[in-house]
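Asker: pasting the structure only:
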């Protein structure tokens, strides 16, 4: 009987605690953190998978997973005319009633393999839940088939400052992976993986002015039999540190070279910069491509209401009420309310799920989620459901790089106000 078209299922690893993104992950799992004022980070890998027509998707979650599950359930709904599924898999109890927590990326897939293998997929596309890109994965699948690869790893040239936090590859002129190392720290080992001028000419890549390396993007296409074999033969917990190294030694592995924007949201600084990049005309994630949209939960909100406000290079999301004096180089999320006289610069506001706090003892609270009058806020990230009083200054007056306060933090010189924080009138930081 003839075999039908190649089938691909997507596995999105969304269980990490996101310690480097703290304090934004105090109340959210990393993939559930707001992005661009209206999306969640998880929307990017799911949307890219759907746009590539890979519509059977497994999301493996663990840390603070309820918010993530709720968002996915409210957003990704399919029907008979547009078939597909997004299933969220979380740790299950064993026969002793004990939670089987995932110990690493490979362990998470291994523990869910009985469910995942109910899919008839010939290939599995494995993605991270906290990366930004616009990729049609059909081209990566075609490359994997052309090379008859057991494993294909998406890769991108990176500078030395990023190389130590990534997996590095060494490839030949055909893209075959000759060597791999995860997050090398030693200078001697880094030197071994430094790209030569031949690489740039062979692959038609513009040379860098400083040392650079071929970094793994954490995006993998596994042949079905290869994934099963590796998970069974190598019992270790992590793809990067363990199974990928085994695969490079034992299997037919290739690198798919990607040309375009890609960002791994690993730190508060990278999250902040990736959001503000959306206010520019180029270089960041493309959210204006109607043929390849970034999907998210529909809100049915009105357009923003703006009164007497000077706005420069900013994004103002739906449902916002803006009475501010000035907003520049900022992202203002859904249902944001900014009162008169306030100045917002170089800031990411995540917005709100609702305009007013929930009832307290059956009565609505007087304050709403808003920024008060005559405030000055610069270089900040304001999480969801924050109340800021009048005459507040969040300007990092002492130019601190790191600070821990009551709901207010500084990371990499960026002020971070976490969800649920109430800042009183006349507060200054």
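Answerer: Yep, that arrived. What you are looking at is a predicted structure, and each value in this text was computed from that prediction instead of being measured.
Asker: How about residues contacting stretch 322-332?
Answerer: The set of residues external to stretch 322-332 that reach it, using Cβ atoms under 8 Å, 6 or more residues apart in numbering, is 36-37, 275-276, 278-279, 304-317, 320, 336, 338-349, 351, 371. For glycine as for every other residue, the C-beta is placed from the backbone atoms N, C-alpha and C.
Asker: Inside strands: which ones of the residues you listed?
Answerer: In strands, judged by DSSP state E, the following of these are found: 305-306, 310-312, 315-316, 338, 343-349.
Asker: all helices of the stretch 51-200 of the chain, in order?
Answerer: Using DSSP state H, counting those that start in this stretch, the helices found in the stretch 51-200 of the chain span residues 65-75, 105-111, 113-116, 137-146, 160-163, 187-193, 197-202.
Asker: of all those helices, which lies closest to residue 42?
Answerer: helix 65-75 (6.3 Å; Cβ to Cβ).
Asker: one step back: pull out the buried members of the ones in strands among the contacts of stretch 322-332.
Answerer: If you count burial by 16 or more other Cβ atoms under 10 Å, the buried members of those come out as 311, 315, 316, 338, 343, 344, 345, 347, 348, 349.
Asker: For residue 134, state which of these is nearest.
Answerer: For these, the nearest to residue 134 is residue 315 (17.5 Å; Cβ to Cβ).
Asker: The closest one bridge partners, please.
Answerer: In this entry, residue 315 is beta-bridged to residue 331, by DSSP bridges.
Asker: thought it was touching residue 278?
Answerer: Yes - the pair residue 315 / residue 278 is scored as a contact, 6.1 Å apart, by Cβ atoms under 8 Å.
Asker: any common contacting residues for those two?
Answerer: Common neighbours of residue 315 and residue 278 (criterion: Cβ under 8 Å, 6+ apart): 36, 331.
Asker: who's in contact with the closest residue to residue 144 other than its chain neighbours?
Answerer: Once flanking residues are discounted, residue 144 sits nearest to residue 152: 4.1 Å by Cβ to Cβ, 6 or more residues apart in numbering. Residues near residue 152 by Cβ under 8 Å, 6+ apart: 140, 143, 144, 220, 221, 253, 254, 255, 256.
Asker: ok, residue 271 - how many residues close by?
Answerer: By other Cβ atoms under 10 Å, 28 other residues sit near residue 271.
Asker: Which pLDDT value belongs to the nearest residue to it once chain neighbours are set aside?
Answerer: Spatial nearest neighbour of residue 271, excluding adjacent residues (Cβ to Cβ, 6+ apart): residue 265 at 5.0 Å. Looking at residue 265, its pLDDT reads 93.
Asker: Number the chain from 625, please
Answerer: With the count now opening at 625, the last piece we talked about shows up as residue 889.
Asker: roughly how far is the lengthiest strand in the chain from the heart of the chain?
Answerer: Ranked by residue count under DSSP E, the longest strand found in the chain is strand 836-847. Distance, stretch centre to chain centre, for strand 836-847: 16 Å (Cα atoms, centre = their mean, to the nearest Å).
Asker: list the contacts for the residue nearest the centre of the chain?
Answerer: Residue closest to the mean C-alpha point of the chain, counted by Cα atoms, centre = their mean, is residue 754 at 2.2 Å. Taking Cβ under 8 Å, 6+ apart as the criterion, residue 754 is in contact with 638, 640, 642, 654, 655, 657, 665, 888, 889, 890.
Asker: Show the pLDDT at it.
Answerer: What the model reports as pLDDT for residue 754 is 93.
Asker: partners of residue 777 in the sheet?
Answerer: Bridge pairing for residue 777 - DSSP bridges - gives residue 844, residue 879.
Asker: Pull up the gap between it and residue 827, please.
Answerer: Look at residue 777 and residue 827: by Cβ to Cβ, to the nearest Å, they are 15 Å apart.
Asker: More neighbours: which of the two?
Answerer: Each of residue 777 and residue 827 has its neighbours counted (other Cβ under 10 Å); residue 777 has more, 31 against 16.
Asker: That one reaches residue 879, doesn't it?
Answerer: Yes - using Cβ under 8 Å, residue 777 makes contact with residue 879 at a distance of 5.5 Å.
Asker: By mean pLDDT, which helix or strand of the chain comes out lowest?
Answerer: Within the chain, no helix or strand scores below helix 821-826, which has a mean of 81 by mean pLDDT, DSSP states H and E.
Asker: Out of the buried ones among the ones in strands among the contacts of stretch 946-956, the closest to residue 815 would be?
Answerer: Of all those, residue 815 sits closest to residue 972, with 37.7 Å by Cβ to Cβ.
Asker: Just list the residues touching that closest one, thanks.
Answerer: With contacts defined as Cβ under 8 Å, 6+ apart, residue 972 is in contact with 661, 896, 899, 900, 954, 955, 1004, 1005, 1006.
Asker: tally of neighbours for the first one?
Answerer: For residue 661, the number of neighbouring residues by other Cβ under 10 Å comes to 23.
Asker: try the fourth one
Answerer: The number of residues packed near residue 900 is 20, by other Cβ under 10 Å.
Asker: contacting residues for it?
Answerer: Residues in contact with residue 900, defined by Cβ under 8 Å, 6+ apart, are 953, 954, 955, 970, 972.
Asker: The second one too?
Answerer: Contact criterion Cβ under 8 Å, 6+ apart gives 972, 1005, 1036, 1038 as the residues in contact with residue 896.
Asker: hmm, 6 Å instead?
Answerer: By Cβ atoms under 6 Å, 6 or more residues apart in numbering, residue 896 lies in contact with residue 1038.
Asker: got any ranges where this structure has weak pLDDT?
Answerer: Applying pLDDT under 70 to the chain flags the ranges 625-627, 981-991.
Asker: Okay, domains of it per the record?
Answerer: If you go by automatic domain parsing, the domain ranges for the chain are 632-903, 929-1047.
Asker: if we can go back for a sec, which ones among the contacts of residue 972 lie within helices?
Answerer: The helices, defined by DSSP state H, take in 896, 899, 900 from those.
Asker: how long is stretch 1041-1052 from one end to the other?
Answerer: Taking Cα to Cα, to the nearest Å, the first and last residues of stretch 1041-1052 lie 13 Å apart.
Asker: got a list of contacts for that stretch?
Answerer: Residues contacting stretch 1041-1052 (Cβ under 6 Å, 6+ apart): 647, 650-651, 1006-1017, 1031-1032.
Asker: try it again with 7 Å
Answerer: The contact list for stretch 1041-1052 (Cβ atoms under 7 Å, 6 or more residues apart in numbering) reads 647, 650-651, 1004, 1006-1017, 1021, 1031-1032.
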